[in-house]
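S.K.: okay, here's the prediction I keep looking at, along with the sequence it came from:
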Amino acid sequence: MVKHITCASVAFLLLAAPAASAQVRTPPDAARGAAVQQRAPHFPQRIRAGVRAGQLTREEVGRIRQHLRQFRAEARRMRQDGTMTPAERTRLRHEMRQVSRQIFRLRHNK
C-alpha cells in the first residue's frame with residue numbers, strides 16, 4: 001500500500017512540476033499592457049455609481065474626468081511608437097492608481 005502511495009506521489013510531482021513552472025513565465029509585451037486597458041474602462045462606471053449614490057458633486061466629477069483625460073492622452077502618446085517600454089508601463093500603472101485613489105477619496109469624503 002505504501003509503495004502505491006509513494007509511486008502515485010512521485011507521478012503526481014513529475015506531472016505537476018512542468019505545469020507549475022509554465023504558470024510562472026512572464027506574459028508577452030502585449031499581455032502586460034492589457035492590464036491598463038482592462039482596468040481603465042471601469043473608471044466611468046465607478047464615477048456614475050458615485051454620482052447615483054450622491055457621493056460625488058459636479059465639481060468632483062469634473063476633476064476626475066480631467067485627470068482621466070490626461071491619463072488617456074499620456075497613454076496614447078506612449079503607444080504612438082508602437083511599443084511600450086517597462087518604464088512607460090510603470091508610469092501608466094502609477095497614473096492609473098492615482099486616478100483610482102482620487103475616485104475612492106472623493107467618493108468617501110464626508
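M.R.: Perfect, I can see it now.

S.K.: any weak-confidence spans in this protein?
M.R.: Scanning the chain for pLDDT under 70 picks out 1-40, 110.

S.K.: using PDB, write out every CA atom in the helix or strand hosting residue 49.
M.R.: Under the assignment given by DSSP states H and E, the secondary-structure element containing residue 49 is helix 42-52. Coordinates of each C-alpha in helix 42-52 appear next as PDB, following Å, rounded to 0.1, in the frame of the first residue of the first chain:
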ATOM      1  CA  HIS A  42     -14.100  50.700 -15.100                       C
ATOM      2  CA  PHE A  43     -13.400  54.200 -14.000                       C
ATOM      3  CA  PRO A  44     -16.500  55.700 -15.700                       C
ATOM      4  CA  GLN A  45     -18.700  53.100 -14.100                       C
ATOM      5  CA  ARG A  46     -17.300  53.900 -10.700                       C
ATOM      6  CA  ILE A  47     -17.900  57.600 -11.300                       C
ATOM      7  CA  ARG A  48     -21.500  57.000 -12.300                       C
ATOM      8  CA  ALA A  49     -22.100  54.900  -9.200                       C
ATOM      9  CA  GLY A  50     -20.700  57.700  -7.100                       C
ATOM     10  CA  VAL A  51     -23.000  60.300  -8.700                       C
ATOM     11  CA  ARG A  52     -26.000  58.000  -8.400                       C
END
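
S.K.: who are the packing partners of it?
M.R.: Contact partners of helix 42-52 among helices and strands, from 3 or more CB pairs under 8 Å, 6 or more residues apart in numbering; DSSP states H and E: helix 58-79, helix 86-108. To be clear about C-beta, it is placed using only N, CA and C from the backbone, and glycine gets the same treatment.

S.K.: neighbours of residue 91, how many?
M.R.: 15 (other CB atoms under 10 Å).

S.K.: list the contacts of it.
M.R.: 74, 78 (CB atoms under 8 Å, 6 or more residues apart in numbering).

S.K.: thanks again, I'm all set now.
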